[in-house]
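Asks: Structure for this input, please:
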Amino acid sequence: MTKVAVVKADSYDPQIVGQAVTDLLAHFGGLDKFINQGDRVLLKPNMLEGVDKGLSVTTHP
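Replies: All right, here's what the predicted structure looks like:
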């Protein structure tokens, strides 16, 4: 079974985004479960913003 997790960050503030990423990874056992010291990692967040009173969503530029 595939496991999916979604965590909302209320702003793009680096501390809020950082905490959201930490919370997200906790659903999968934490960062240490997947990454070893010295590994290179790229995170590609899918940043969205609501349009027309939340009726549609567009990818953040």
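
Asks: Kindly provide the distance from residue 31 to residue 10.
Replies: In this view, residue 31 and residue 10 are 22 Å apart by C-beta to C-beta, to the nearest Å. Where C-beta positions appear, they are placed from N, C-alpha and C, glycine not excepted.

Asks: Residue 8: what's it in contact with?
Replies: residue 20 (C-beta atoms under 8 Å, 6 or more residues apart in numbering).

Asks: Against residue 33, how distant is it?
Replies: When residue 8 is compared with residue 33 (using C-beta to C-beta), they lie 23 Å apart.

Asks: Phi, psi for the closest residue to residue 31 other than its chain neighbours please.
Replies: Leaving aside its sequence neighbours, residue 31 sits nearest to residue 25 (C-beta to C-beta, 6 or more residues apart in numbering; 5.0 Å). For residue 25, the backbone dihedrals (degrees, to the nearest 10) come out as phi -70, psi -30.

Asks: I figured residue 25 hits residue 32, correct?
Replies: No: checked against C-beta atoms under 8 Å, the pair residue 25 and residue 32 is beyond contact range at 9.2 Å.

Asks: Neighbour count: these two, which is higher?
Replies: Neighbours were counted for residue 25 and for residue 32 using other C-beta atoms under 10 Å; residue 25 has more, 18 against 9.

Asks: Can you tell me the element the residue nearest the centre of the chain falls in?
Replies: When C-alpha atoms, centre = their mean is applied to the chain, the residue found nearest the centroid is residue 21 (4.8 Å). Assessed by DSSP states H and E, residue 21 sits inside helix 14-26.
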